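Asker: model this:
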Amino acid sequence: MVLAGVLLSSVLALFGCTVTLGMRYNKDQAQSLCLTKACFTVASKIVKALDRSADPCQDFYQYACGGWVRKNPLPDGRSRWSTFNSVWNQNQAVLKNLLENVTFNSSSEAERKTQFYYLSCLNEQHIEELGATPLIDLITKTGGWSITGPWEKDNFMEVLKTVSGPYRAQPFFTVRVSVDPKNSNSNVIQVDQSGLFLPPRDYDGNTANEKAYLDYMVELGLLLGGDKNSTQSQMQQILDFETTLANITMSQDKCCDKEKIYHKITIAELQLLAPAVDWLDYLSLVLSPLDLNDTEPVVLYAKEFLQQVSDLINKTDRSLLNNYMIWNLVQKGVSSLDQRFENAQDKLLESLYGTKKSRTPRWQTCIGNTDDTLGFALGALFVKATFDKHSKKIVEGMINEIRTAFKDALDHIKWMDKQTRMAAKDKADTIYNMIGFPDFILDPKELDDIYYWYDVSEDNFFQNTLNFYNFSARVMADHLRKPPNSDQWSMTPPTVNAYYMPNKNGIVFPAGILQAPFYAQHHPKALNFGGIGVVMGHELTHAFGVQGREYDKDGNLRPWWQNSSVDAFKNRTECMVEQYNGFTINGTHINGKQTLEENIADNAGLKAAYNAYQAWVQENGEEKRLPAVNLTNDQLFFVGFAQVWCSVRTPESAHRGLMTDHHSPPKYRVIGTLSNSPAFAEHFQCPTGSPMNSGHRCTVW
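Answerer: Numbering: from 1, shown residues only. From the prediction side, this is the model:
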C-alpha cells in the first residue's frame with residue numbers, strides 16, 4: 001500500500017505540472033492509464049524533456065526537446081552531448097565497476113586481458129615516468145626523423161612498410177582485407193585513398209583551423225625533442241604536403257557510387273598503375289606471413305588517386321616523404337603517452353570543436369580505449385552483467401514487424417516496376433538480423449582463440465598499444481585466405497549505435513543501444529516503436545538507399561534494378577536533396593547530397609516503424625496511455641522518436657558536422673523527417689502551410 005500511495009502522489013504531481021496541448025489531440029477521459037512504476041518513470045522523463053510553450057506545428061524539435069536542452073548544459077570538455085552520449089556514459093560506468101572489481105575472476109583469458117589493458121591505461125604514474133621515451137625509441141627503431149634527429153636516407157620503402165604494416169599507420173593510402181563487394185563469399189585485398197589528419201576547410205575557404213593544426217604539429221615535434229626553428233619549418237612542409245594530398249583526394253560525393261569506383265586488378269597491374277611503390281614487396285610485408293605473387297587480385301576504390309599519389313611520391317623530396325610517414329606514426333602513438341601530449345590534443349580539439357578545457361576522467365578514456373582494442377571480450381563482461389535474455393526475442397519480433405511494414409509499403413510505390421519491386425521484397429526477406437552480441441563471445445574458448453595472439457601486460461600501456469597494432473595486422477592478413485565470417489561484427493556489444501552491412505545484407509543492433517530511451521521491455525509499445533523501431537527501420541532502409549541498393553540480396557555489388565526504376569529513384573531523391581539543402585544551422589546550409597543516404601533512411605525508417613506500430617495496435621488493441629503526459633499513443637510515438645535526438649553542441653562542433661557528417665544535424669533529423677510524414681501532421685493537427693506541414697513532402701520509400 002505504501003508503494004501505491006507513492007505512485008498516486010507521483011501521478012498527481014505530474015498532472016499538476018502538466019500544461020495541456022489544447023485542441024491538438026482528441027482527449028479521451030475514459031481511456032485507462034498505465035500505472036506501473038516503469039510508466040511513471042518514463043512519463044516523468046518525457047514531461048521534463050518537453051517544452052510545452054512551443055507549438056509542435058511550428059518547431060517540433062523545440063517542443064519535444066526544449067526542456068531537455070535547458071536541463072542539459074554542455075558538460076565541460078565536451079563538444080556535443082546527446083541521449084546517445086548519456087547512454088554510453090551509463091554503459092561506461094557499468095564497465096568500470098566490472099573491471100575495477102577487486103574480486104574480478106574469469107575463466108576466460110581474453111576477459112582477464114581486458115582488465116590488464118584497462119589497468120595499464122589507468123597507471124598514469126608509470127606513463128608519466130616513461131614520458132616521450134617509448135615513441136622516441138620507436139621513431140629511432142623505424143629509421144629516425146629529421147625533426148628530432150638523424151634519419152636513414154634512401155629507405156622510403158622500408159619505412160613505408162614498417163609504419164603501414166606492424167604499426168598500421170598507412171600514409172598515402174590504406175590497405176585492408178574485407179569482403180569482395182562483387183563476390184560476397186570471398187575476402188580480397190582492398191586499396192583505397194587514405195584518411196587525412198588535416199581538418200577540412202570551411203566552404204568559404206577559411207583556413208584558421210589549419211593554423212591550430214600546425215601549432216599542434218609543432219608542439220608534438222618539440223615534445224619529442226625537436227629544435228623550435230627547424231621543427232616549425234619542417235612541420236609547415238608536412239602540412240603543405242598533406243594539403244596537396246587533400247587536393248587529389250576523391251570527394252565524399254564520388255565515394256558513394258561503389259559500382260563506379262570498384263576496380264579489380266592484379267598486383268602486377270597495380271604496379272604499372274602506381275609505380276612509385278613496390279607493391280608486391282609492400283603488400284607481402286603488410287599482410288605477412290601470407291605468400292603473395294603478382295597475380296593476386298586487388299580491389300581499388302580510388303584508381304585516379306593512386307595514379308596521382310604515385311606521381312606525387314616520385315616528385316617529392318625523400319626527406320619530406322620520410323617526415324610525413326613518421327608524422328603518421330607519431331599520430332598513432334601520442335594517445336598512449338604522458339599528460340603533455342594529452343594537453344596538446346585537448347588544445348587542438350578546443351580550437352576545432354569549441355570544447356572547454358576540462359580533462360575527461362581518465363577511467364572514461366581508458367574504458368573507450370579498452371572497447372577499441374578488446375571490445376568483444378569487454379562485451380562479454382557487459383552482456384553477462386546487463387543484457388536481458390528476453391530482449392533478443394522481443395527485438396527480433398519487432399524487426400520482423402517493421403520488415404513486414406516496409407514490404408507492404410512497396411506495394412504502394414508507383415515509381416517502381418513490378419520486377420524490381422519483387423526483387424526488393426526478396427532482399428528485405430533475406431536481411432539477416434544480428435541482435436545484442438555475437439554468440440561466440442559467451443564461449444570462453446572461442447573468445448580466447450580470437451585474442452590468443454594479443455599480448456597484454458598490466459603495466460605498459462604504450463607497448464599494449466603497439467602490440468594491438470601488430471595483432472590487428474595479423475588478424476587482417478589471416479582473413480584473406482578464409483571465407484567471410486558471418487559472425488564478424490564491426491561494432492562491439494556495449495556500443496550505442498546500429499548499422500547495416502551491405503556485403504552480408506545484415507542489420508546489427510548491439511546490446512548497448514537496446515535500452516532506454518531507445519527500448520525498454522516495460523515501456524509502452526509506442527515508445528519502443530518510436531525509439532528502437534525507427535532505428536530498425538532506418539538500418540533496414542539502408543539496404544535500399546543510394547549505396548545499399550547497389551548490392552543484391554546475397555550482398556554482391558551488381559545491377560539488379562530495372563533501368564526505369566533506377567532513373568525514378570534518382571528523381572525522387574532530388575526532392576530530398578533540395579529539401580535538406582534548405583535547412584540551416586547558424587546560417588550554414590546542410591549539404592543535402594552529402595546527407596542523402598541517411599536522410600532517406602530516417603524518413604523511410606520512421607514510416608516503417610509507425611506502420612508497424614499501427615499493425616501491432618490493430619492486432620493487440622490500444623495500449624494504456626502514460627499518466628500526466630496528455631498525449632495520445634500516436635502522438636507519443638512521434639515524441640519518443642524526437643526525444644531520441646535531443647542534443648546540444650558547440651557552434652564549432654555543429655559547423656564541423658556540417659562539413660564532414662553524413663547525417664543531418666539532430667534537429668533536422670527530427671524536423672525534416674516529421675515534416676514529410678502525413679501521419680504526424682494528422683495526429684498533431686498541423687494545418688497545411690505550417691512549418692511542420694508545408695504541403696510539399698519528399699518521399700522515396
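
Asker: Show me what whatever helix or strand Asn209 lives in is packed against.
Answerer: In this structure, Asn209 is located in helix 208-223 according to DSSP states H and E. Packing partners of helix 208-223 (3 or more Cβ pairs under 8 Å, 6 or more residues apart in numbering; DSSP states H and E): helix 228-248, helix 339-353. C-beta coordinates here come from the backbone N, C-alpha and C atoms, glycine included.

Asker: So which residue is dead centre in the protein?
Answerer: Asn497 (6.9 Å; Cα atoms, centre = their mean).

Asker: got the contact list for Leu222?
Answerer: For Leu222, the contact set (Cβ atoms under 8 Å, 6 or more residues apart in numbering) comprises Lys228, Thr231.

Asker: pLDDT value on it, please?
Answerer: Looking at Leu222, its pLDDT stands at 97.

Asker: and the strand of greatest length in the chain, what other elements does it pack with?
Answerer: When secondary structure is assigned using DSSP state E, the longest strand within the chain turns out to be strand 183-193. For strand 183-193, the contact count by 3+ Cβ pairs under 8 Å, 6+ apart identifies strand 173-180, strand 297-300, helix 303-315, helix 461-480 as packing neighbours.

Asker: Would you indicate which residues of the first one are buried?
Answerer: Meaning strand 173-180. Within strand 173-180, the residues that qualify as buried by neighbour count (16 or more other Cβ atoms under 10 Å) are Phe173, Thr174, Val175, Val177, Ser178, Val179, Asp180.

Asker: quick one: the fourth one and Ala477 touch, right?
Answerer: Yes - judged on Cβ atoms under 8 Å, Val177 makes contact with Ala477 at a distance of 6.8 Å.

Asker: Now the common contact residues for these two.
Answerer: For the pair Val177 and Ala477, residues contacting each of them under the criterion Cβ under 8 Å, 6+ apart are Leu287.

Asker: where's the closest residue to Phe461 other than its chain neighbours relative to Thr541, distance?
Answerer: Spatial nearest neighbour of Phe461, chain neighbours left out: Ser120 (4.3 Å); criterion: Cβ to Cβ, 6 or more residues apart in numbering. For Ser120, the distance to Thr541 (Cβ to Cβ, to the nearest Å) stands at 42 Å.

Asker: quick one: which of these two has more around it?
Answerer: In this comparison of Ser120 against Thr541, neighbours counted by other Cβ atoms under 10 Å, the higher total goes to Thr541 at 29 against 24.

Asker: thought the more buried one was touching Glu598?
Answerer: No - under the contact definition of Cβ under 8 Å, Thr541 does not touch Glu598, with a separation of 9.8 Å.

Asker: any idea how this structure splits into domains?
Answerer: If the domains of the chain are taken from automatic domain parsing, they occupy 104-131+359-386+442-486, 134-336, with pieces of a single domain joined by a plus sign.

Asker: among the ones you listed, which is nearest Gly672?
Answerer: In this view, the domains of the chain are compared for proximity to Gly672 by Cβ to Cβ, and domain 134-336 is the closest at 19.3 Å.

Asker: what about the closest one, how long is it end to end?
Answerer: Counting by Cα to Cα, to the nearest Å, the length from the leading to the trailing residue of domain 134-336 is 9 Å.

Asker: re earlier: format the domains of the chain as CSV; extra columns: distance to Trp88.
Answerer: Formatted as CSV, these follow (distance: least, Cβ to Cβ, whole Å):
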stretch, distance to Trp88
domain 104-131+359-386+442-486, 9
domain 134-336, 19
